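Q: fold the following and give me the result.
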Amino acid sequence: MVHLESEKSLKSSTVGPWGGPGGNPWDDGTYDGVRVITLRYSPTGCIDSMQVIYDKHNKPFSAPKHGGTGGPDTAQIVLRFPEEILTKVTGYYSALPGYVDTPVIRSLTFWTNMGAYGPYGPEQGTNFSVSLEDEKIVGFIGRSGGYLDAIGFHLARAKKI
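A: Numbers count the residues shown, from 1 in each chain. As a prediction, the model looks like this:
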């Protein structure tokens, strides 16, 4: 089982973002953990948008949606919080031929201490990976406009008991 250390000892760091320079920057901030991730995406295109519901002091907190309104497919990843935590994210980014000239997030796969979700979108372009041993993802950062242009992560130490 994995739990957060006490709030006084909690220190976070940020990695990324990966992707392109398009869209506007955003930062969801840091929370106690991730409860739900909702993606809109195209199996042959890219990640159009993402929205995260975090845990904030044992209550759900819904962050704004980042990205556009397109994407024919929707994925809702419901984590079994607090037992299930995000420990790894892999993905791909590249320009979307015929649509945008700058890189966007093409694919995302989310890994937890209990399994994997994805991939969502085509695994094409430049790959990236964030793999954590004693940390977990507690927030997201990035850039977005009509698509999810870039993504990065806030990390915090996870304490094994």
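
Q: okay, CA-based contacts and neighbour counts for the rest of this
A: OK.

Q: in PDB, list the C-alpha atoms belonging to stretch 16-27.
A: Extracted in PDB, the C-alpha atoms of stretch 16-27 (Å, rounded to 0.1, in the frame of the first residue of the first chain):
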ATOM      1  CA  GLY A  16       8.400  18.600 -18.400                       C
ATOM      2  CA  PRO A  17       6.500  19.700 -20.300                       C
ATOM      3  CA  TRP A  18       6.900  17.500 -23.400                       C
ATOM      4  CA  GLY A  19       5.300  18.500 -26.700                       C
ATOM      5  CA  GLY A  20       5.100  21.600 -28.700                       C
ATOM      6  CA  PRO A  21       5.000  25.400 -28.100                       C
ATOM      7  CA  GLY A  22       1.400  26.000 -29.400                       C
ATOM      8  CA  GLY A  23      -1.600  26.900 -27.300                       C
ATOM      9  CA  ASN A  24      -1.500  28.700 -23.900                       C
ATOM     10  CA  PRO A  25       0.300  27.500 -20.800                       C
ATOM     11  CA  TRP A  26      -1.700  26.100 -17.900                       C
ATOM     12  CA  ASP A  27      -0.900  24.600 -14.500                       C
END
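
Q: residues in contact with it?
A: 66, 93-94, 102-105, 128, 140-147, 149-153 (Cα atoms under 8 Å, 6 or more residues apart in numbering).

Q: do that again at 6 Å, thanks
A: Residues from elsewhere that reach stretch 16-27 (Cα atoms under 6 Å, 6 or more residues apart in numbering): 93, 102-105, 141-145, 149-152.

Q: nearest residue to residue 129 other than its sequence neighbours?
A: residue 90 (4.3 Å; Cα to Cα, 6 or more residues apart in numbering).

Q: and residue 96, what's its pLDDT?
A: Per-residue confidence (pLDDT) for residue 96: 86.

Q: if we can go back for a sec, what bridges to the residue nearest to residue 129?
A: Under DSSP bridges, the beta-bridge partners of residue 90 are residue 109, residue 129.

Q: what's the neighbour count on it?
A: 17 (other Cα atoms under 10 Å).

Q: that one: what's it in contact with?
A: Shown in contact with residue 90 (Cα under 6 Å, 6+ apart): 108, 109, 128, 129.

Q: tell me where this protein has strands.
A: Secondary structure of the chain (DSSP state E): strands located at 2-4, 12-19, 24-27, 33-41, 47-55, 60-62, 66-67, 73-78, 86-96, 100-112, 115-120, 126-131, 135-144, 148-160.
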